[in-house]
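**Q** Sequence plus the predicted model coming up.
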Protein chains: 2
Amino acid sequence: MTSQAADGPETVAASRRSKISREREQEFFDAVLEQIRECGYEAVTMDGVAASTRCSKSTLYRQWKTKPQFVVAALRSRRVSKFEGIDTGSLADDLREVARAAGRWSTGDTKLLQALGHAVTQDEELAMALREALVHPEIASLNAILQRGVERGEIAADQPALEYIPAQLFGVIRARPVVDGEYADPDYLVRFVDAVVLPALGLTSGRGT
Amino acid sequence: MTSQAADGPETVAASRRSKISREREQEFFDAVLEQIRECGYEAVTMDGVAASTRCSKSTLYRQWKTKPQFVVAALRSRRVSKFEGIDTGSLADDLREVARAAGRWSTGDTKLLQALGHAVTQDEELAMALREALVHPEIASLNAILQRGVERGEIAADQPALEYIPAQLFGVIRARPVVDGEYADPDYLVRFVDAVVLPALGLTSGRGT
DNA sequence: GTGTACCGGTACTCGACCGTATCGGTACAC
DNA sequence: GTGTACCGATACGGTCGAGTACCGGTACAC
């Protein structure tokens, strides 16, 4: 979706003819996102990003007016779902696969979500960028997976638990660190899917145990 | 006013004989927690708290060495579960009641959780205080509710979904703002319990299997 | 009434960071 | 070779907040 006309360095940065290559730009973005994960949004400094990428602060300010705009740009460079391409032919297996992917993804981008968690309530544009970058793509591909399950007749389209699946998965990923003090790894998430998500959807042979 | 009772102000603040009454101390705590909810942990200022409580910054620093220690003390003053006292005699109704309580509670303390979400990853003591103040009490009373359900024979003690209930509830509360862009109100949470939690526990009457 | 110790207020030091300005160097156009 | 425009480095101004120091006022002890 929205495949950005992929020719020349026509990225966000390059409305003027900047000497910053796209790879270089991505380095900046990676650096700032990494700093956010490590230190939190408020603690990220332009000096820090400049230092870690060995560029000048001036260079950053030439391309992006302010720190929030820079961060937003960095987030927008990441609109790819980690669940894309999952299609095993079985809804239960798809969901287990999603759990595994989410678990791998989790330590990285959960930190991002966590770190931006509050900044987002202060800056609406940042909130939109975050949702577009990390949430909407995942929800879209997740919904596609569920939709295929419905079409295959594995579950009813009006299954009441259906609409809560995305919130449920995002939820445990965010809740585990607070509840148990550790990140939600793939193993935990797969067990969660087996123990809760599938039974809630009526997809298990009862509570077999 | 309020010449202290015989046992004296035995709170954190008063290892020395401070003139700060316990009510006054709680005002400080309320103020700083409110500021955290509003502006985030990093943006909280001692000047701000002092101003909003009409006390001197010196007074705060006399009682607590640093800002983190002050916040930790404020958190520790709040170790009360909002689920305490729920006991309808039916596990399903208990859980619905928990959902309602959590929904009311959510806008307030979810903001706290959100606002401290990242600061917690930097300061271990803060993390512990947060868990002890906002998470453990709720989990404890929630587990008591589940335990009573087991004892009444409503569910099996080895129900695999059991151990995930706390994470599940905390999860959707934290996920809803990100997924849907709005807080989890009581109505939403009750519907969630009916659509997901109870079916996952095998407790539904509406939809068989 | 005198001493003590804490309160509130204010002013201060010190450091951090945002965003700007300035400067020499250099890739590229022509 | 000359001009242009961007790069990196550095330095600077301005703001803001943590934590300290000092002050006069006052409640309480004895």
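**A** The structure has been received and is ready for your questions. Keep in mind it's a predicted model, so treat the numbers as computed, not measured.

**Q** can you map out the helices along chain A?
**A** A:22-39, A:46-52, A:57-63, A:67-76, A:91-105, A:111-116, A:119-122, A:124-130, A:136-151, A:165-180, A:186-192, A:198-201 (DSSP state H).

**Q** quick one: whichever residue of chain A sits closest to chain B and B:Gly171, what's the gap?
**A** Proximity of chain A to chain B (CB to the nearest CB) peaks at A:Gly171, 2.4 Å away. (Glycine included, C-beta is placed from N, CA and C.) Distance of A:Gly171 to B:Gly171, given as CB to CB, to the nearest Å: 2 Å.

**Q** Just confirm A:Gln122 contacts B:Gly40, I think it does.
**A** Yes. Counting by CB atoms under 8 Å, A:Gln122 does reach B:Gly40; the two are 7.1 Å apart.

**Q** Contacts only, for the residue of chain A closest to chain B.
**A** Residues in contact with A:Gly171 (CB atoms under 8 Å, 6 or more residues apart in numbering or on different chains) are B:Ala167, B:Gln168, B:Phe170, B:Gly171, B:Val172, B:Ile173, B:Arg174, B:Ala175.

**Q** Need the helices of chain A in a markdown table (columns: mean pLDDT).
**A** Formatted as a markdown table, these follow (pLDDT from 0 to 100):
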| stretch | mean pLDDT |
| --- | --- |
| helix A:22-39 | 94 |
| helix A:46-52 | 95 |
| helix A:57-63 | 94 |
| helix A:67-76 | 95 |
| helix A:91-105 | 94 |
| helix A:111-116 | 89 |
| helix A:119-122 | 88 |
| helix A:124-130 | 92 |
| helix A:136-151 | 96 |
| helix A:165-180 | 93 |
| helix A:186-192 | 97 |
| helix A:198-201 | 96 |
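
**Q** got those as JSON lines, with distance to B:Val32 columns?
**A** Output for those, formatted as JSON lines (distance: least, CB to CB, whole Å):
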{"stretch": "helix A:22-39", "distance to B:Val32": "22"}
{"stretch": "helix A:46-52", "distance to B:Val32": "28"}
{"stretch": "helix A:57-63", "distance to B:Val32": "34"}
{"stretch": "helix A:67-76", "distance to B:Val32": "26"}
{"stretch": "helix A:91-105", "distance to B:Val32": "35"}
{"stretch": "helix A:111-116", "distance to B:Val32": "21"}
{"stretch": "helix A:119-122", "distance to B:Val32": "18"}
{"stretch": "helix A:124-130", "distance to B:Val32": "25"}
{"stretch": "helix A:136-151", "distance to B:Val32": "35"}
{"stretch": "helix A:165-180", "distance to B:Val32": "20"}
{"stretch": "helix A:186-192", "distance to B:Val32": "34"}
{"stretch": "helix A:198-201", "distance to B:Val32": "40"}
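
**Q** right, and these - which one's nearest B:Lys111?
**A** helix A:119-122 (7.8 Å; CB to CB).

**Q** Now the closest residue to A:Arg176 other than its chain neighbours, what are its backbone angles?
**A** Spatial nearest neighbour of A:Arg176, excluding adjacent residues (CB to CB, 6 or more residues apart in numbering or on different chains): A:Ala184 at 4.1 Å. Backbone torsions for A:Ala184, taken as degrees, to the nearest 10, come to phi -80, psi 110.

**Q** what about A:Ala184, how many neighbours?
**A** 25 (other CB atoms under 10 Å in any protein chain shown).

**Q** Roughly how far does the residue most central in space within chain A sit from A:Pro160?
**A** Centroid check for chain A by CA atoms, centre = their mean gives A:Leu134 as the closest residue, at 2.7 Å. Computed as CB to CB, the A:Leu134 to A:Pro160 distance reads 27 Å.

**Q** Kindly report the same for A:Thr121.
**A** Applying CB to CB to A:Thr121 and A:Pro160 gives a distance of 30 Å.

**Q** Give me the neighbour count for the residue nearest to A:Leu95 when sequence neighbours are not counted.
**A** Using CB to CB, 6+ apart and skipping the chain neighbours, the partner closest in space to A:Leu95 is A:Val193 (5.1 Å). Applying other CB under 10 Å, we find 26 residues neighbouring A:Val193.

**Q** coming back round to it: so which of the helices of chain A gets nearest B:Ala99?
**A** Of the helices of chain A, nearest to B:Ala99 by CB to CB is helix A:165-180, at 13.6 Å.

**Q** I'm done for today, thanks for sticking with me.
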